[in-house]
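*Asks:* Turn this into a structure:
(one chain, ligands or ions: 1)
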Amino acid sequence: MNQVAERLVPFGESIFSTMSRLAVEHKAVNLSQGFPDFDGPDWLKEAAVRAVQSGPNQYAPSPGNPLLRQKLSQKMQRESGLQYNPDTEITVCSGATEGIAAVLLGLLNPGDEVILFEPFYDSYPACVALAGATARYLPFQLPDFMVDWAALEKLINARTRAILVNTPGNPCGKVFSLEELAQLAQLAERHPHVLFITDEVYEHIVFAPARHACLAAQPGMRERTLVISSFSKTLSMTGWKIGYVFAPAHLTAAVRASHQFLTFCSVSPLQAAMAEVMDRLPAYVEELAGEYLQRRDLWCSLLEEAGIPYRVPQGSYFVISDVRSLGHQDDVQFCRWITQELGVAAIPASAFYHTPGAGQGLVRWAFCKGLDTLREGGKRLLPLRKS
Ligand SMILES: Cc1ncc(COP(=O)(O)O)c(C=O)c1O
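*Replies:* Okay, here's the model as predicted:
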């Protein structure tokens with residue numbers, strides 16, 4: 001194993017693989033995996049079939065299908081009022097996962113630091129390590145996952161290359177408010193050497209009164225922000241792995257430099273299919289948010305019935321519970337126990353923390369499942385209720 005791979009060894013087998021294996025072993029209702037147990041719309045599948053049948057089936061241009069980049073540019077303009085040149089400022093990649101890797105590998109030098117909020121999406125620390133850089137961690141303040149602004153400012157130093165912001169957030173369900181985004185922009189003004197990377201894959205799964213907004217749309221931020229997102233969650237097609245990165249041309253050049261040697265391009269016919277259906281997206285995402293609202297409210301009411309505390313998420317499809325008040329201090333043990341004894345699998349959220357002891361007792365439930373699956377999960381959790 002070389003030194004680069006060695007940097008990844010401490011990350012071990014992902015908690016998702018462990019919990020999914022346990023879930024299968026115990027025939028558990030699996031609320032651990034962060035992907036839907038249903039597919040996206042038929043019209044999208046039909047577009048994919050057409051694209052496979054008539055092509056393109058050879059490599060796409062490395063930056064992405066030109067029509068798709070054009071449609072992405074229109075999407076961004078419509079939703080955030082920001083203009084990005086499809087030729088020089090938009091890159092299609094193999095899911096946000098590759099987008100994150102391409103951005104971090106393209107921008108970071110050994111010795112650089114990247115600030116990550118805790119809880120984080122698990123690929124961030126791994127990709128920072130792959131790039132030979134150092135992650136600095138800042139836990140959100142519980143119970144509402146608020147930013148400790150003074151602590152954030154203290155973490156910034158001459159080596160800080162970037163701050164990574166995930167909104168709407170996995171696993172905490174936090175949606176950065178306009179006020180918080182404005183505060184980040186003010187912070188940026190005080191520290192002009194720092195870049196901002198936003199991961200917005202849950203951009204269309206947001207519950208009123210929360211609203212998703214792009215940090216890049218804040219004054220002065222477009223030129224120093226890389227916006228990563230994907231269609232995985234928006235179209236309930238996580239296996240398609242079509243992601244995209246918006247960034248000013250000089251930063252896009254860095255992203256494309258690594259992207260061309262990571263995957264070169266994402267799957268051509270699926271990019272073409274996406275391009276074909278992009279005009280249907282505005283109507284579709286409204287429906288999607290409504291359906292997830294129903295799932296969120298159902299799952300929260302089932303947790304309520306089982307006497308399990310929870311924080312109502314503002315976005316994403318995850319709910320966090322702090323089970324310490326139920327007498328369970330260790331979230332890993334709790335998750336193993338409910339999988340084995342009650343037949344419901346969830347993710348121990350301490351896996352999304354690096355700071356020792358942080359996140360203990362937090363559990364993540366994924367509610368991107370059929371309503372009957374959620375009801376069955378809720379029923380199985382009822383024994384937890386204290387009479
Ligand atoms: C916050 C976050 N970012 C990125 C990803 C990966 O997205 P993709 O499927 O587009 O690679 C996920 C998937 O769970 C996620 O939750």
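
*Asks:* what's the pLDDT at residue 7?
*Replies:* For residue 7, the model assigns a pLDDT of 66.

*Asks:* Just name the shakiest helix or strand of the protein by mean pLDDT.
*Replies:* In the chain, the helix or strand scored least confidently by mean pLDDT, DSSP states H and E is helix 3-8, which has a mean of 67.

*Asks:* Helix or strand next in line after that one, which one?
*Replies:* Per DSSP states H and E, helix 3-8 leads on to helix 15-25 as the next helix or strand towards the C-terminus.

*Asks:* For that following helix, the averaged confidence score.
*Replies:* Helix 15-25 comes out at a mean pLDDT of 90.

*Asks:* Tell me which residues of that helix come out buried.
*Replies:* Residues of helix 15-25 classed as buried under the neighbour-count rule (16 or more other Cβ atoms under 10 Å) are 15, 18-20, 22-23. All C-beta atoms are positioned from the backbone trio N, CA, C, and that covers glycine.

*Asks:* so, if you compare those residues, which one comes nearest to residue 41?
*Replies:* Residue 41 lies nearest to residue 20 out of those, by Cβ to Cβ, at 25.9 Å.

*Asks:* what sits against that closest one?
*Replies:* Counting by Cβ atoms under 8 Å, 6 or more residues apart in numbering, residue 20 touches 30, 32-33, 345.

*Asks:* That one and the ligand, how far apart?
*Replies:* Per Cβ to the nearest ligand atom, to the nearest Å, residue 20 is found 13 Å from the ligand.

*Asks:* Sort out which residues of stretch 319-327 are buried, please.
*Replies:* Those would be 319-323, 326, for stretch 319-327 by 16+ other Cβ under 10 Å.

*Asks:* now, which of those sits nearest residue 248?
*Replies:* With Cβ to Cβ as the yardstick, the closest approach to residue 248 among those comes from residue 320, at 34.5 Å.

*Asks:* part of a strand, is residue 116?
*Replies:* Yes. With DSSP: H, G, I helix; E, B strand; the rest coil as the criterion, residue 116 is part of a strand.

*Asks:* That one: neighbour count?
*Replies:* When neighbours are counted by other Cβ atoms under 10 Å, residue 116 registers 22.

*Asks:* can you check the one 4 residues further on too?
*Replies:* By the measure other Cβ under 10 Å, the count of residues near residue 120 is 25.

*Asks:* Does it touch residue 172 like I think?
*Replies:* No. Contact criterion Cβ atoms under 8 Å: residue 120 and residue 172 do not qualify, at 9.6 Å.

*Asks:* Outline the domain layout of this protein.
*Replies:* Structural domains assigned to the chain are 3-40+283-381, 56-278, following automatic domain parsing.

*Asks:* wait, which of those domains is closest to residue 49?
*Replies:* Between residue 49 and the domains of the chain, the shortest separation by Cβ to Cβ is 8.3 Å, and it involves domain 56-278.

*Asks:* can you give me the end-to-end distance of the closest one?
*Replies:* 17 Å (Cα to Cα, to the nearest Å).

*Asks:* what mean pLDDT would you report for that domain?
*Replies:* In this model, domain 56-278 has a mean pLDDT of 98.

*Asks:* Is there proximity between it and the ligand?
*Replies:* Yes. Against the ligand, domain 56-278 shows contacts by Cβ under 6 Å from any ligand atom at 95-97, 121, 166, 170, 199, 201, 230, 232, 238, 241, 243.

*Asks:* Taking those together, which two end up most distant?
*Replies:* Between any two of the residues of domain 56-278 next to the ligand (Cβ to Cβ), the greatest distance is 18.3 Å, for 166 and 241.

*Asks:* Look at those two and report which has more neighbours.
*Replies:* Per other Cβ under 10 Å, whichever of residue 166 and residue 241 has more neighbours is residue 166, with 26 against 19.

*Asks:* Angles on the backbone of the more buried one, please.
*Replies:* Per-residue torsions, residue 166: phi -110, psi 110 (degrees, to the nearest 10).

*Asks:* Got phi/psi on the residue nearest to it when sequence neighbours are not counted?
*Replies:* Using Cβ to Cβ, 6 or more residues apart in numbering and skipping residues adjacent in sequence, the residue nearest residue 166 is residue 199, 4.3 Å away. The phi and psi values for residue 199, taken as degrees, to the nearest 10, are phi -110, psi 110.

*Asks:* I figured residue 199 hits residue 96, correct?
*Replies:* Yes. Using Cβ under 8 Å, residue 199 is in contact with residue 96, at 6.3 Å.

*Asks:* anything in contact with each of those two?
*Replies:* In contact with both residue 199 and residue 96: 228-229, using Cβ under 8 Å, 6+ apart.

*Asks:* most neighbours, which of the residues of domain 56-278 next to the ligand?
*Replies:* residue 230 (30 neighbours).

*Asks:* Can you name the residues bridging to that one?
*Replies:* residue 243 (DSSP bridges).

*Asks:* Can you give me every residue that contacts whichever residue of the stretch 1-150 of the chain sits closest to the ligand?
*Replies:* When scored by Cβ to the nearest ligand atom, the stretch 1-150 of the chain has residue 95 as its residue closest to the ligand, at 2.6 Å. By Cβ under 8 Å, 6+ apart, the contact set of residue 95 is 230, 232, 241-243, 266.

*Asks:* If we use 10 Å, what do you get?
*Replies:* Shown in contact with residue 95 (Cβ atoms under 10 Å, 6 or more residues apart in numbering): 101, 201, 228, 230-232, 238-244, 263, 266.

*Asks:* Which of the residues you listed sits closest to residue 382?
*Replies:* residue 238 (30.2 Å).

*Asks:* Just to check, the closest one is in contact with residue 231?
*Replies:* Yes. At 9.2 Å, residue 238 counts as touching residue 231 under the criterion of Cβ atoms under 10 Å.

*Asks:* And the strands in the stretch 51-200 of the chain?
*Replies:* Under the criterion DSSP state E, counting those that start in this stretch, the stretch 51-200 of the chain contains strands at 90-93, 113-118, 134-139, 160-166, 195-199.
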